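# Quick check, what structure comes out for this input:
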Amino acid sequence: MNWLLFLPQLPASPSTLRVTIWRRMRAAGAFGLQNNVWMLPATSENKQFIESQMAYIKEQGAASYTFEVTSLNLTIEETILAGFRSQRDEEYSEFCERCDALLAELERETTGEKFTFAELEETETDLHKLEAWLSKITGRDFLRDSLKEHASEKLEQCQQAYKVFATKVYTQQGINPPDVTEE
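Presented below is the predicted three-dimensional model:
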């Protein structure tokens, strides 16, 4: 596999530029091989992304270098792939924990018969955040062989639990649920 090796040369102080680049690289799904050494698969999208980061760094008065490289042996390649898998698995695991928390919250609200529009709105907001978060994680899951399926199943459980809760809220409030209402 071909890789992009990105080497930003950033000043230690102020830390703003370092933090900005770190956040952008993490958001793009880059693997931090070591301090200020980042790897991404050599796709056209990633090349564009790296070029935009290089331009930004240059505008800030710093320098960066990028190389397209291949691993010299299978051990190095597996180390890099394991790093990518580990990062995504960590994100998917955290995502699943948040899904479990939402499901537990819905269960508590249902048990306590707290069928209010305020609770429904709060739950809907949380569900939308989870949907957006999973989309971001899968967007940077270059290897597609991690916990994606499990995370997708958890999100589906949350969506179904939300629908059940929403129906109960509407029913409790004496209103036909939106899917039942004729338009």
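
# Where is the longest helix in this protein?
Longest helix in the chain, counting residues (DSSP state H): helix 74-111.

# Tell me the helices and strands packed up against it.
Counting contacts by 3 or more Cβ pairs under 8 Å, 6 or more residues apart in numbering; DSSP states H and E, helix 74-111 is packed against strand 31-34, helix 117-139, helix 148-172. Placement of C-beta: from N, CA and C, glycine included.

# and P177, what pLDDT?
Confidence at P177, expressed as pLDDT, is 79.

# In three-state terms, how would it be classified?
coil (DSSP: H, G, I helix; E, B strand; the rest coil).

# Give the rounded mean pLDDT of stretch 35-50.
Stretch 35-50 comes out at a mean pLDDT of 96.

# buried residues in that stretch?
For stretch 35-50, the neighbour count (16 or more other Cβ atoms under 10 Å) marks 36, 38-42, 46, 49-50 as buried.

# what's the first-to-last distance across that stretch?
17 Å (Cα to Cα, to the nearest Å).

# next one: that stretch to chain centre, how far?
17 Å (Cα atoms, centre = their mean, to the nearest Å).

# can you pull the contacts of A161?
102-103, 106-107 (Cβ atoms under 8 Å, 6 or more residues apart in numbering).

# excluding its backbone neighbours, what's nearest the spatially most central residue of the chain?
Most central in the chain under Cα atoms, centre = their mean is I137, positioned 2.9 Å from the mean C-alpha point. Of all residues beyond its chain neighbours, the one nearest I137 is E91 (4.8 Å), with distances taken as Cβ to Cβ, 6 or more residues apart in numbering.

# And T123, by the same measure?
Spatially, and ignoring its direct neighbours in sequence, T123 is nearest to Y162 (5.9 Å; Cβ to Cβ, 6+ apart).

# What distance do you get for the one you found to L7?
Distance from Y162 to L7, counting by Cβ to Cβ, to the nearest Å: 45 Å.
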